[in-house]
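S.K.: Next one to model:
(one chain, ligands or ions: 1)
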Amino acid sequence: EITKEQQVLMQAILKAYERHQIPQDVAKRLYSAEENFLLLTEMATSQVQVLVEFTKNIPGFLSLDHEDQIALLKGSAVEAMFLRSAQVFNRKTPAGHTEVLEERIRKSGISEEFIKPMFNFYKSIGELLMSPEEQALLTAVTILTPDRPYVKDHAAVERLQEPMLEVLKKLCTLHHPHEPQYFARLLGRLTELRSLNHYHAEIITSWRVNDHKFTPLLCEIWDVQ
Ligand SMILES: Cc1cccc(C)c1-c1noc(C(C)C)c1COc1ccc(-c2ccc3cc(C(=O)O)ncc3c2)cc1
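M.R.: Next up, the predicted model:
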């Protein structure tokens, strides 16, 4: 049977225990727009590094004209990163991971008018339920887009992109036998990506107006500063 003094001791301990919760704002700390921007900048910079390595492994890419290689990378970086970050949003990882990324993008100083089309795109990519092969090929097809600004030898880029499109088309038929339109839907996403490019250029400008700093690699690939 618990004695009186044991009761008193227990109450004192319980009271002290309940008091030592960390303050709710720290527990649920919503990162400031500044902190979110810095983390996203770090993610984008590392993503560009990974993207360059991926691109160098696309068969034939390194035999393209060197200036065209740069033009293709600069012209496709944002689109490739939308595709890559979209996989993260739609991957069934423990909820925390995707929520954090979504939360940080929503609270990084991007104006509402751009957030809507961005997340519509993320949702439309998620609905496609692409296989890893389709994701990789779609990214390669995006990078090998012949009509990027400043590309001189269009034909050489087309010769690399065509076999990718052929394989992608076959994969779509294999993976989605009941959806003959699946390949067309995939290519439709590439059109949506182009429009996001324009939005993104405005997002960059508005960040710069608010004196946000980018890393040297991002300045180089996005022609800022
Ligand atoms: C905000 C925005 C949206 C879309 C495209 C761009 C460039 C921007 C954009 N525009 O500007 C910025 C910075 C400079 C503020 C960004 C931020 O870009 C990114 C690019 C990639 C990623 C990202 C995040 C998690 C990943 C996890 C994994 C993995 O677990 O396997 N893999 C790759 C991952 C890549 C996040 C933000």
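S.K.: wait, isn't W207 in contact with G109?
M.R.: Yes. Here W207 reaches G109: they are 6.1 Å apart, a contact under C-beta atoms under 8 Å. Where you see a C-beta, it was placed from the backbone N, CA and C, and this is true even at glycine.
S.K.: Report the contact partners of M10.
M.R.: If you count contacts by C-beta atoms under 8 Å, 6 or more residues apart in numbering, M10 has them with I2.
S.K.: Same drill for W207 and G109, tell me which one is more crowded.
M.R.: W207 (18 against 15; other C-beta atoms under 10 Å).
S.K.: Now do H66 against the ligand, distance only.
M.R.: 24 Å (C-beta to the nearest ligand atom, to the nearest Å).
S.K.: Return the backbone torsion pair for that residue.
M.R.: Reported as degrees, to the nearest 10, the phi and psi values for H66 are phi -60, psi -40.
S.K.: Give the burial count for it, as a bare number.
M.R.: Residues lying near H66 (other C-beta under 10 Å) number 8.
S.K.: Likewise for the one 5 residues further on?
M.R.: Other residues near A71 come to 18 when the count uses other C-beta under 10 Å.
S.K.: so which helix or strand takes in it?
M.R.: Element membership of A71, judged by DSSP states H and E, is helix 66-90.
S.K.: What is that helix packed up against?
M.R.: helix 33-56, helix 95-106, helix 112-128, helix 132-143, helix 154-175, helix 182-209, helix 216-221 (3 or more C-beta pairs under 8 Å, 6 or more residues apart in numbering; DSSP states H and E).
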